[in-house]
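Novice: Starting from these lines, generate the structure:
(chains A, B and C)
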Amino acid sequence: MKNLSRKNLITLLLPSFLFIIFVFAVPIFYSIFISLHHYNILLPYHPFVGFKNYIKLFQDSVFWSSLKITLYFVVVAVTIELSLAMLIALLLNQDFKGREFLRVILMVPWAVPWVVNGIMWKWIFNSEFGVLNKLLLQIGIIEKNIKWLGKPFLALNMMIFADVWKETPFIAILLLAGLQAIPIDYYEAAEIEGANSWVKFCRITLPLLKPVTFVALSLRTIWAFKSFDLVYALTQGGPSQGTNLLNFYIYQTTFSHLDFGYGATLSLVLTIIILVITLLFYKFILTEEE
Amino acid sequence: MKKTLFLTLILVLTFCLSMGAVTLKMLVRPDEGGVIELYTKEFEKLTGVKVVVDYIGWDQISIKTTTALMHKGGGYDIIFIPSAEKSRFAAMGQFVDLNEWFTEDEKNEFLKSFVDYYSHEGQWIGVPWYSGGAHFVYNEKYFQDANVNPEDLSTWQDVLNASKAIVEKSNAEYAFTPSCKYPGNYYYNYGTILLAMGGQFFDENLNPVFNTGIGVEALELLVEGVNQGVFNPAGVSLDDYETLKIFQAGKSAFMINSTWSANQAMLPEASTVADYAKVRMIPGGKNSETGGLIYGGAFGITKASQYKEEAVELVKLLTGTEAQMMHAISGFNLPTRNSLFEGSRLEAINKAWPVYGELVAQVEVGSFGPDVVWLDPFRRALATAVQDAISGKKTAKEALDWAARQAIDIKSQYE
Amino acid sequence: MIRKRKKNTLFKVLIYLSAVVLTLYILGPFLWMFISSISPEIELISGSRKWFPSNPTLKRYEALINKVEGARFRTAFFNSLIVATISTILTMFFGTLAAYCYARFKFKGKKSMVLGILFTQMLPGAAIVIPIYLFMSSLNLLDTKVGLILVYTGFIMPVAIWILKNYFISIPQEIEEAAIIDGATTFQILFRIIIPLVTPALFATGLYSFITTWNEFFFALILTGSNSKTIPVAITEFSTQGGVDYGMMCTAGVIGSIIPLVIAIIFKDYLVSGLTAGWAK
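Specialist: Predicted structure coming up:
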């Protein structure tokens, strides 16, 4: 790798760099700035309050319950998505009729806009006219309509269900590509040594898929922490704040309370949480590779 | 590098084209019945001024308007002000004082209570466009099946007692499905019942009182109904549109819902119970006959508008007798002009919309919600409290006490 | 031997069974949305046990595609096309330059810039939307397609650079080294040699950017109005007085998904290779 002349550096990097600064860097500094102020736009003055907003965070019970819910959402959703994606990838790596068709339709959930995903599931989960109840009633699994979004914890799990539908295919696509990149002679060699399928999976497939899996894991974790559209379209954080994920709480604080200072504080804290987790992943991947 | 130049050129060109041309820009809620569409077209024909209308869904009105008002009205000349957002939109100080643009006579043509409500610190900021409120709509057949005479229900306790018989003897799955999903649904659950029973949200010093006496009773009544299996607990995740659908499907025996929904319940193309849907006054409490929450909508004109004169003319047309009459006749909302509540016009509307008189009677006795800039966060806390109580997470008293503490805390942030 | 074949048959059955379940799971929800979109309002709430409406109707599609009521929706559709296309082109152009730079050269602060790219993905939208709004407002770019294009370009730039960078790394350096000896400049190398080699990759990344931009909702909600409203915002607008008109929403949802779906299905192979090259390395 060689060094780059200053002139080339500027022409190559500057344009994209400007875009990124304008959309990300400037706003983030602005956020840091207003998080140190009592910045409610309905008030005439926005006094500097130091770290008061950050201290408030520790006494804010809604924040803590929201953080708990978010962690549950992220851990459960990402775990299910990764496991399910692994199963799908293994299935699609088999040789059977219709495999190509399945690979194509795998693109469907990924391509559907998030807003549409929210609307779709809200309609499916509808307790009175939704197709989920209709289906379960006809099969005979349930006898009475279930109020899928009517109880806080159940609603949170249904939200995970909707998230899994939308996000799993993306991971499955990545994992499938990873599977296809594994040379077939590895397996043949193992077979000669008499290894069964499970051993082959654990000793060959999993270790070789590790890098892809970690990338998928960290990306999905970041995105899951930032889930917004789904909460917005599906539950609006309710009932009883049971689905009030952090990013939605930030939105509420900012646009319902119009408390921009505290909203900025919350979003910075969320950023830091994501950052720390990603750095842990990143470090893990790096040490793995070396 | 040529490519870059070319692209920049395209960008500059699109930019220039998007400017220019004299137009009025308007930010408004969804246009049921096409009233706005129709009258803006007419205005364009009459004056030659172009009108661009941005319709914005109810979910997004608050955020969209707030961001616009944060920066001098965001380029809009006319902005729709829902009654619930009035205080805080007004507090952002971007609307002109309409007293300067309307004569005293013109002003007096509107319902005084609405003009007063849309006044802020001596300035009149919104021309009332429509009114409406919560109504008690019931399924006559189910009431008959259970031998309940709807006129006998004078208090909510009576309603609860009758609900049991209704669920047992009619096809209704539940007597009532309250809408409790959005903060703004307080019109159709606890909020209206509280006012109907004679309670209040706050005292005159804006200290919460809804967590005492009638306030607790009202919520306990809702919870009791859920516990007895006659009120639908799914209400915690349903909005007023969804509960309307449930009523239209014949699954609920009555509902508290908007003026628009009362009309929708009676439309054969949307409702399976169109023939049985009837309206009566909202039942009250021990010391109160009836009551409830009402709402309205108005148009404000931004200070930054460069064409205030034209904007005023357009607003006058949209809120004019003819436009309001059409809005009412097509059954979407109630008017705000005195002349439409009396004489031949009243008759004309009543003819097209037979329950008009009953709906008006209900709105006349109702009141707007708390008139504070922090209404939205307060309603959010209240919605959580109502959901907590209905889902059994907290008792009614605990939930309301929590909401009261939240209210005090929220209030303090605006001082 | 017989045992093994039996096991194989069982295995086959299992595979086909899971394939069927998977197909239903993936297509079912979307199909239901489509069926709802052609069901008359009254059948949606009638509680019938049927899976297909007795009187299917295309009147909602007609309304959106052909009638006056759909005018705003159609405008939004074309806005989305324009905004997504131009931001994709811009991103691809500038992103290619930067990605090439990251892939081939050493420079100061390179490592922190790579981290910076990752960092941009962590910021919650609510944290940056207000300053962007104020910024756009002072530039007079609110409710213009240009404004939205600029924001979206910045928005997907980091991802595009990330994906493209991995492509460039996969091209052997010897090819360029030969050209350098011949005295070609950096730009000549990039445009004459590298870009032709990675055209499929550029195409794949472009498709990815296009779909991401097409689907974006939050920023579009805040920054657009009648001049520049995009499809996701228009979809959520099918709300009535208090809630949501399900039939209409489903219709809008189906129409709004068509473009990304068609792209994803037709160009599946490109996209998959793009996604995997970008993220799986």
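Novice: and stretch B:384-397, anywhere near chain A?
Specialist: Yes - interface with chain A: stretch B:384-397 contributes B:384, B:387-388, B:391, B:393 (Cβ under 8 Å from any Cβ of the partner chain). Placement of C-beta: from N, CA and C, glycine included.
Novice: In chain B, which residue sits closest to chain C?
Specialist: B:Tyr241 (2.2 Å; Cβ to the nearest Cβ).
Novice: Spatially, and excluding backbone neighbours, which residue is closest to C:Leu81.
Specialist: Among residues not flanking C:Leu81 along the chain, C:Ile259 sits closest, at 7.5 Å (Cβ to Cβ, 6 or more residues apart in numbering or on different chains).
Novice: can I assume the one you found is in contact with C:Trp214?
Specialist: Yes - shown here, C:Ile259 and C:Trp214 form a contact pair, counting by Cβ atoms under 8 Å, at 6.3 Å.
Novice: Mind listing the shared neighbours of the two?
Specialist: Overlap of the contact sets of C:Ile259 and C:Trp214 (by Cβ atoms under 8 Å, 6 or more residues apart in numbering or on different chains) consists of C:Ser80.
Novice: Looking at these two, which is more packed in?
Specialist: Using other Cβ atoms under 10 Å in any protein chain shown, the more surrounded residue of C:Ile259 and C:Trp214 is C:Trp214, with 25 against 20.
Novice: For A:Gly118, see how far away A:Leu154 is.
Specialist: Noted for A:Leu154: a distance of 17 Å to A:Gly118, by Cβ to Cβ, to the nearest Å.
Novice: Those two: who's more crowded?
Specialist: Ranked by neighbour count (other Cβ under 10 Å), A:Leu154 and A:Gly118 place A:Gly118 first, with 25 against 18.
Novice: For the more buried one, grab phi and psi.
Specialist: The phi/psi pair for A:Gly118 (degrees, to the nearest 10) reads phi -60, psi -50.
Novice: got it, and the one 10 residues further on?
Specialist: The phi and psi values for A:Glu128, taken as degrees, to the nearest 10, are phi -100, psi -40.
Novice: ok, the closest residue to it other than its chain neighbours - contacts?
Specialist: Nearest residue to A:Glu128, sequence neighbours excluded (Cβ to Cβ, 6+ apart): B:Ile246, at 5.3 Å. Residues near B:Ile246 by Cβ under 8 Å, 6+ apart: A:128, B:177, B:232, B:238, B:252, B:255.
Novice: What about the fifth one, how many residues nearby?
Specialist: What that stands for is B:Ser252. Neighbours of B:Ser252 (other Cβ under 10 Å): 29.
Novice: Wait, it touches B:Ala172, no?
Specialist: Yes - contact criterion Cβ under 8 Å: B:Ser252 and B:Ala172 qualify, at 6.0 Å.
Novice: hang on, the earlier thing: out of the contacts of B:Ile246, who's the most crowded?
Specialist: Compared across those, B:Thr177 has the highest neighbour count, 31 neighbours, by other Cβ under 10 Å.
Novice: Read off the pLDDT value for B:Phe6.
Specialist: At B:Phe6, the model reports a pLDDT of 58.
Novice: likewise the one 10 residues further on?
Specialist: According to the predicted model, the pLDDT of B:Cys16 comes to 48.
Novice: can you check B:Val12 too?
Specialist: Listed pLDDT for B:Val12 reads 55.
Novice: Taking the residues of stretch B:384-397 next to chain A together, which two end up most distant?
Specialist: Spatially, the most separated pair among the residues of stretch B:384-397 next to chain A is B:Thr384 and B:Ser391, at 10.6 Å (Cβ to Cβ).
Novice: Okay, now the unreliable bits of chain A?
Specialist: By pLDDT under 70, the low-scoring segments of chain A are A:1-4, A:285-290.
Novice: Alongside chain B, which residues does it contribute?
Specialist: With the criterion set to Cβ under 8 Å from any Cβ, chain A comes near chain B through A:40-43, A:126-129, A:147, A:149-152, A:155, A:235-236, A:238-241, A:252, A:255-259.
Novice: Could the C-alpha coordinates of the helix or strand where C:Ile263 lies be exported in PDB?
Specialist: According to DSSP states H and E, C:Ile263 maps onto helix C:246-266. Provided in PDB are the C-alpha atoms of helix C:246-266 (Å, rounded to 0.1, in the frame of the first residue of the first chain):
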ATOM      1  CA  TYR C 246     -56.700  -0.900   6.700                       C
ATOM      2  CA  GLY C 247     -57.900  -1.700   3.200                       C
ATOM      3  CA  MET C 248     -56.300   1.400   1.800                       C
ATOM      4  CA  MET C 249     -53.200   0.900   3.800                       C
ATOM      5  CA  CYS C 250     -52.800  -2.600   2.600                       C
ATOM      6  CA  THR C 251     -53.200  -1.400  -1.000                       C
ATOM      7  CA  ALA C 252     -50.700   1.400  -0.500                       C
ATOM      8  CA  GLY C 253     -48.400  -1.100   1.200                       C
ATOM      9  CA  VAL C 254     -48.500  -3.500  -1.800                       C
ATOM     10  CA  ILE C 255     -48.000  -0.700  -4.400                       C
ATOM     11  CA  GLY C 256     -45.200   0.800  -2.300                       C
ATOM     12  CA  SER C 257     -43.400  -2.500  -2.100                       C
ATOM     13  CA  ILE C 258     -43.600  -3.300  -5.800                       C
ATOM     14  CA  ILE C 259     -40.400  -1.500  -6.900                       C
ATOM     15  CA  PRO C 260     -38.100  -2.800  -4.200                       C
ATOM     16  CA  LEU C 261     -39.600  -6.300  -4.600                       C
ATOM     17  CA  VAL C 262     -39.200  -6.300  -8.400                       C
ATOM     18  CA  ILE C 263     -35.600  -5.100  -8.100                       C
ATOM     19  CA  ALA C 264     -34.900  -7.600  -5.300                       C
ATOM     20  CA  ILE C 265     -36.300 -10.500  -7.300                       C
ATOM     21  CA  ILE C 266     -35.000  -9.700 -10.800                       C
END
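Novice: Residues touching it, excluding its own?
Specialist: Contacts to helix C:246-266, defined as Cβ under 8 Å, 6+ apart, come from residues A:104, A:107-108, A:110-113, A:115-116, A:119-120, A:123, A:126, C:30, C:33-34, C:36-37, C:39, C:41, C:44, C:60-61, C:64-65, C:73, C:77, C:80-81, C:207, C:210-211, C:214-215, C:231-232, C:234-235, C:238, C:271.
Novice: check which helix or strand covers the closest residue in space to A:Val231 that isn't next to it in sequence.
Specialist: Spatial nearest neighbour of A:Val231, excluding adjacent residues (Cβ to Cβ, 6+ apart): A:Phe248 at 4.3 Å. Using DSSP H and E, A:Phe248 sits in helix A:246-255.
Novice: I'd like to know how far B:Ala277 sits from B:Asp97.
Specialist: Distance of B:Ala277 to B:Asp97, given as Cβ to Cβ: 43 Å.
Novice: ugh, wrong one, C:Ala103
Specialist: 61 Å.
Novice: Spell out the residue ranges of the helices in the stretch 151-300 of chain B.
Specialist: B:156-169, B:190-196, B:213-227, B:240-248, B:259-264 (DSSP state H, counting those that start in this stretch).
Novice: and the longest one, what does it pack onto?
Specialist: Counting by 3 or more Cβ pairs under 8 Å, 6 or more residues apart in numbering or on different chains; DSSP states H and E, the packing neighbours recorded for helix B:213-227 are helix B:156-169, helix B:190-196, helix B:375-390, helix B:396-412.
Novice: what comes up buried for that helix?
Specialist: Burial within helix B:213-227, assessed by neighbour count using 16 or more other Cβ atoms under 10 Å in any protein chain shown, is assigned to B:214-223, B:225-226.
Novice: Go ahead and name everything in contact with the next helix or strand after the helix holding C:Ile263.
Specialist: Later in the chain than helix C:246-266, the nearest helix or strand by DSSP H and E is helix C:268-279. With contact meaning Cβ under 8 Å, 6+ apart, helix C:268-279 is reached by A:103-104, A:107, A:170, A:173-174, A:177-178, A:212, A:215-216, A:219, C:159, C:162-164, C:166-167, C:170, C:200-201, C:203-205, C:207-208, C:263-264.
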